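[1] this one's structure only:
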């Protein structure tokens, strides 16, 4: 298989570190030949890491896509509201496309992207990386093999570790649905996707409840300043005190977070960024509006039902599930990398340990890169597990859940899809 050439649009943590780092480990499989990034430090850092010629380093995606086609494929890892236009332009230009999730904060744009995937016959994959993890591949295999008989119901919990919520969805880029996406889309479209995959049927009905309960001004301790470093009176008791969150965390997550907070991830660089930057703000004095807890109920065409919970008040991160079937049950914890299969007939419970890293979405980040390269080598003959046409379904389920939450009613998916089609064609 020939080495795939690629260009990167958006050299942030996801683009540069999660996906493009694959090329540094497997240079015989993929080579990045150009980059577009508006941050000078990140742009230069990526250029140097991948030895990119000055002529192919751009300050914006517009400039990159105005140039002649430079590679086989493009990775688009910009912010949520900056996905649609570069994706369409790239397809028109002849690139195969790997697009960071969510596809778009607009349901009509998501539908249109699904249609463009068919029109241009290019590989157009969405970064629903959970399907590429050993953990979820094993769950899917067990269901297909009938390990628990006919699947009846799923309980699924997304544990958004409390500091993760504060970092990404209170202080960070995904804090406000008006500038990014609602929580159910920005964080949990992964979950909507994996539930559709496991249930193996179209979703027919959606209901949802949730709220922003804690991370708001009413919860602020007396005397809490706008920034943590401006003399917070409860710094020793607050789990979200910024210097503690970013400087005292020594695991791989802490390393990632410091690089997000500041291009200079030394202690001095991070402290400087926290003085008046977004990640140094008091979590009770931010401009966030996305929920900090939400539940979603799903009904599928094959009568499988799902109860999904997303909550920001957990010690651990990761996802846990219980899958209930006619002949047994499965308990699965992604954080522990353990799947327990219980058989109703024999009474035996088997523990299956998954050999996968916790970082990189359980190996899914590099897993999707490996599969994308394979798909590109076949020149679009195969859509892949997370092709845009497939991924539209999970995005629309997330949009329907948010609509249900806001309007306090059950959403029928057929009616919702019909409304969307009418709005597109009108």
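    Cool, got the structure. Note that the structure is a prediction, hence the values are computed from the model and not measured.

[2] which residues does the closest residue to residue 348 other than its chain neighbours bridge with?
    Leaving aside its sequence neighbours, residue 348 sits nearest to residue 342 (Cβ to Cβ, 6 or more residues apart in numbering; 7.4 Å). For every residue, glycine as well, the C-beta is placed using N, CA and C. Bridge pairing for residue 342 (DSSP bridges) gives the partners residue 329, residue 349.

[3] what is the burial count for residue 342?
    For residue 342, the count of nearby residues is 16 (other Cβ atoms under 10 Å).

[4] just checking, it touches residue 349?
    Yes - under the criterion of Cβ atoms under 8 Å, residue 342 is in contact with residue 349, at a separation of 4.4 Å.

[5] contacts for the host helix or strand of residue 44, please.
    Element membership for residue 44 (DSSP states H and E) is helix 40-50. Helix 40-50 has contacts (Cβ atoms under 8 Å, 6 or more residues apart in numbering) with 8, 11-12, 16, 20, 23-24, 31-32, 35, 37, 52, 54, 57, 59, 263.

[6] again, but for stretch 365-382
    1-2, 4, 18-19, 22, 25, 29-30, 72-73, 96, 98, 121-123, 125, 127-129, 131-133, 360, 383-386.

[7] just the buried ones from these?
    Among the contacts of stretch 365-382, the ones that count as buried by 16 or more other Cβ atoms under 10 Å are 4, 18-19, 22, 29-30, 72-73, 96, 98, 122-123, 125, 127-129, 131-133, 360, 383-386.

[8] strands - which of those land there?
    Using DSSP state E, the subset of those located in strands is 4, 30, 73, 96, 98, 125.

[9] report the two of those separated the most.
    Longest distance between any two of these is 13.9 Å, between 30 and 125; criterion Cβ to Cβ.

[10] got CSV for the ones in strands among the buried ones among the contacts of stretch 365-382, with distance to residue 63 too?
    Converted to CSV, these look like this (distance: Cβ to Cβ, whole Å):
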residue, distance to residue 63
4, 23
30, 22
73, 18
96, 20
98, 20
125, 24
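
[11] going by distance to residue 283, which of the residues you listed wins?
    After measuring these against residue 283 - Cβ to Cβ - the closest member comes out as residue 98, at 33.1 Å.

[12] contact partners for that closest one?
    19, 73, 74, 75, 76, 123, 125, 127, 368, 369, 372.

[13] try 7 Å this time
    73, 75, 125, 127, 372 (Cβ atoms under 7 Å, 6 or more residues apart in numbering).

[14] could the residues you listed go into JSON lines alongside pLDDT and distance to residue 104?
    Shown next, in JSON lines, are those (pLDDT from 0 to 100; distance: Cβ to Cβ, whole Å):
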{"residue": "73", "pLDDT": "98", "distance to residue 104": "20"}
{"residue": "75", "pLDDT": "98", "distance to residue 104": "16"}
{"residue": "125", "pLDDT": "96", "distance to residue 104": "15"}
{"residue": "127", "pLDDT": "97", "distance to residue 104": "13"}
{"residue": "372", "pLDDT": "97", "distance to residue 104": "19"}
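
[15] confidence score at the residue nearest to residue 348?
    On pLDDT, residue 342 comes in at 98.

[16] can you tell me how far it is from residue 5?
    Residue 342 is 48 Å from residue 5, where distance means Cβ to Cβ, to the nearest Å.

[17] and residue 351, by the same measure?
    44 Å.

[18] then residue 240?
    Residue 240 is 43 Å from residue 5, by Cβ to Cβ.

[19] list the buried residues in the strand or helix carrying residue 391.
    Using DSSP H and E, residue 391 falls within helix 388-407. Neighbour-count burial for helix 388-407 flags 388-405 (criterion: 16+ other Cβ under 10 Å).

[20] tally of neighbours for residue 414?
    By other Cβ under 10 Å, neighbour count at residue 414 equals 11.

[21] the one 3 residues further on too?
    By the other Cβ under 10 Å criterion, the neighbourhood of residue 417 contains 17 residues.

[22] also residue 253?
    16.

[23] please name every helix or strand in contact with the host helix or strand of it.
    Applying DSSP H and E as the criterion places residue 253 in helix 252-261. Secondary-structure packing of helix 252-261 (3 or more Cβ pairs under 7 Å, 6 or more residues apart in numbering; DSSP states H and E): helix 242-247, helix 267-276.

[24] what's the most buried one of these?
    helix 242-247 (a mean of 21; mean count of other Cβ atoms under 10 Å).

[25] for residue 335, which residues are in contact?
    316, 317, 318.

[26] recalculate using a threshold of 8 Å.
    159, 316, 317, 318, 319, 320, 358.

[27] so where's the stretch 251-400 of the chain shaky on pLDDT?
    The stretch 251-400 of the chain contains residues with pLDDT under 70 at 358.

[28] ok, now how distant is the closest residue to residue 186 other than its chain neighbours from residue 104?
    Excluding its sequence neighbours, the residue lying closest to residue 186 (Cβ to Cβ, 6+ apart) is residue 174, at 4.3 Å. Going from residue 174 to residue 104 by Cβ to Cβ gives 14 Å.

[29] swap in residue 87?
    Taking Cβ to Cβ, one finds residue 87 at 9 Å from residue 104.

[30] intersection of neighbour lists for these two?
    Joint contacts of residue 87 and residue 104 (Cβ under 8 Å, 6+ apart) are residue 113.

[31] more neighbours, those two?
    Neighbours per residue, other Cβ under 10 Å: of residue 87 and residue 104, the larger number sits with residue 87, 29 against 23.
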